[in-house]
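Undergrad: quick check, what structure comes out for this input:
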Amino acid sequence: MKFATKAIHAGQEADPTTGAVMTPIYQTSTYQQLEPGNHKGFEYSRGTNPTRKALEDCLAALENGKFGLAFSSGMAATDTVLRLLNPGDEVITGDDLYGGTYRIFMKVYENYGIKFVFVNTSDLNDLQSNINSKTKLIWIESPTNPILKIADLQVIGELAKKNNILYVVDNTFASPYLQNPLDLGADIVMHSATKYLNGHSDVVMGALILNDESLFKRLWFYYNAVGGTPGPQDAFLVLRGLKTLHLRMKAHCENGRKVATYLRKHPKIEKVYWPGFEDHPDFEIAKKQMRDFGGMVSIVLKNADLAETFRIASRFKVFTLAESLGGVESLVNHPASMTHGSIPKEKRERVGVVDNLLRLSVGVEDPDDLIADLEQVFS
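TA: Numbering: from 1, shown residues only. Presented below is the predicted three-dimensional model:
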């Protein structure tokens with residue numbers, strides 16, 4: 001099946017009891033057993049739930065994987081991967097990274113003896129030179145948050161395989177509609193399903209998708225033992241959101257292109273980050289591994305201090321000043337004080353997350369209204 005068909009049908013069959021076309025919300029904590037250990041595949045909803053299982057199967061299909069796990073948040077998914085590590089292990093990751101990921105790396109797992117090495121993931125020499133016998137995990141965002149750098153996922157995959165290193169790609173910014181990291185060598189794909197997968201800003205959820213059964217069993221142990229699993233109502237909502245993912249992503253990409261092009265010509269904008277520009281340093285890699293360039297756009301305001309940046313960020317009428325991204329509505333975010341506030345200032349600014357940078361999640365509204373909103377903000 002092609003993507004749109006999988007998004008609507010994968011993992012979902014009509015309910016055998018009633019014939020309901022939509023997967024029911026199985027709002028139950030436990031399941032009847034005919035005798036001890038003799039059940040219908042479900043025992044207790046922390047570990048398995050029919051609504052969540054339908055979502056996990058659909059997510060796996062969209063990422064061309066065999067196994068899916070849904071979590072109560074993207075951070076719960078990240079935490080579960082990190083539990084595979086031991087004290088003394090090293091992780092190579094990007095220097096432009098979501099603030100929540102940085103926080104769990106440095107404020108939680110570094111305390112347990114895990115070392116994190118931050119590199120420019122667009123520079124393969126930088127990444128390769130930091131691999132040693134203690135390197136057990138490579139964690140990649142592509143596009144990165146919020147500078148939108150692109151890593152060559154296939155080449156990094158080959159490097160990870162050669163060195164027997166677990167390789168994880170956070171695919172949140174792209175979504176499986178735009179790229180499939182498992183096809184490019186990743187061992188695990190991670191998503192904040194809160195974002196594009198759900199698409200309606202009404203659920204917090206995370207996901208892991210993979211192909212290796214033994215690795216899946218290790219992850220499922222922590223998934224069940226630690227209990228960071230979502231309820232059936234949230235699973236139902238994300239499953240509903242997936243049915244329009246292909247339609248939404250087309251609109252996000254189209255509007256993102258129009259907004260980025262408009263902003264690039266604006267005299268009050270110093271710089272626009274968007275990987276679809278042909279002079280973007282990673283454009284050729286993005287074109288090779290992505291089907292389009294997405295709806296995330298970051299901008300640096302010209303000659304704006306922090307107070308002026310706050311004033312501008314608060315003037316939007318169609319864009320909403322808020323955390324998160326990937327919903328049908330357009331959002332504007334100030335990374336330095338919001339999503340990336342947990343990263344030390346000097347480290348943020350070294351990669352370009354300066355005080356006068358704003359991140360736009362371009363939604364699916366009429367693009368003329370989005371451009372008009374930008375015009376009134378900068379008038």
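
Undergrad: just checking, next helix/strand downstream of the worst-scoring helix or strand of the chain on mean pLDDT?
TA: For the chain, counting by mean pLDDT, DSSP states H and E, helix 345-351 ranks last in confidence among helices and strands (a mean of 93). Later in the chain than helix 345-351, the nearest helix or strand by DSSP states H and E is strand 357-361.

Undergrad: now do the strands in the stretch 251-379 of the chain.
TA: Taking DSSP state E, counting those that start in this stretch, the strands of the stretch 251-379 of the chain run over residues 269-273, 296-301, 320-321, 331-333, 357-361.

Undergrad: which strands or helices does the last one pack on?
TA: If I follow you right, that is strand 357-361. strand 296-301, helix 306-313, strand 331-333 (3 or more C-beta pairs under 8 Å, 6 or more residues apart in numbering; DSSP states H and E). Quick note: C-beta positions are derived from backbone N, CA and C, even for glycine.

Undergrad: format these as JSON lines; extra columns: distance to V155, mean pLDDT and mean neighbour count.
TA: Shown next, in JSON lines, are the helices and strands packed on strand 357-361 (distance: least, C-beta to C-beta, whole Å; pLDDT from 0 to 100; neighbours: other C-beta atoms under 10 Å):
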{"stretch": "strand 296-301", "distance to V155": "23", "mean pLDDT": "98", "mean neighbour count": "24"}
{"stretch": "helix 306-313", "distance to V155": "36", "mean pLDDT": "97", "mean neighbour count": "15"}
{"stretch": "strand 331-333", "distance to V155": "30", "mean pLDDT": "98", "mean neighbour count": "23"}
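
Undergrad: can you redo those as CSV with distance to V354?
TA: Shown next, in CSV, are the helices and strands packed on strand 357-361 (distance: least, C-beta to C-beta, whole Å):
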stretch, distance to V354
strand 296-301, 7
helix 306-313, 9
strand 331-333, 14
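
Undergrad: so what are the domain limits for this structure?
TA: 3-242, 246-377 (automatic domain parsing).

Undergrad: so how far is D202 from K195?
TA: In this view, K195 and D202 are 12 Å apart by C-beta to C-beta, to the nearest Å.

Undergrad: is the residue nearest the centre of the chain in a helix, a strand, or coil?
TA: Nearest residue to the geometric centre of the chain (C-alpha atoms, centre = their mean): T172, 1.7 Å. Using DSSP: H, G, I helix; E, B strand; the rest coil, the structure places T172 in coil.

Undergrad: the helices in the chain, which residues?
TA: For the chain, the helices defined by DSSP state H cover 3-9, 50-62, 74-82, 99-103, 124-129, 153-162, 213-226, 232-242, 245-264, 283-289, 306-313, 345-351, 367-377.

Undergrad: would you tell me which of those gets closest to K115?
TA: When the helices of the chain are compared by C-beta to C-beta, helix 74-82 sits nearest K115, at 12.4 Å.

Undergrad: could I have that closest one exported to CSV, CA atoms only?
TA: Extracted as CSV, the C-alpha positions of helix 74-82 are listed here (Å, rounded to 0.1, in the frame of the first residue of the first chain):
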residue,chain,number,x,y,z
GLY,A,74,8.2,12.1,23.4
MET,A,75,10.4,12.4,26.5
ALA,A,76,9.1,9.1,27.8
ALA,A,77,10.1,7.5,24.5
THR,A,78,13.5,9.1,24.7
ASP,A,79,13.9,8.0,28.3
THR,A,80,13.1,4.4,27.3
VAL,A,81,15.9,4.4,24.6
LEU,A,82,18.4,5.8,27.1
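
Undergrad: I am finished for the moment; much appreciated.
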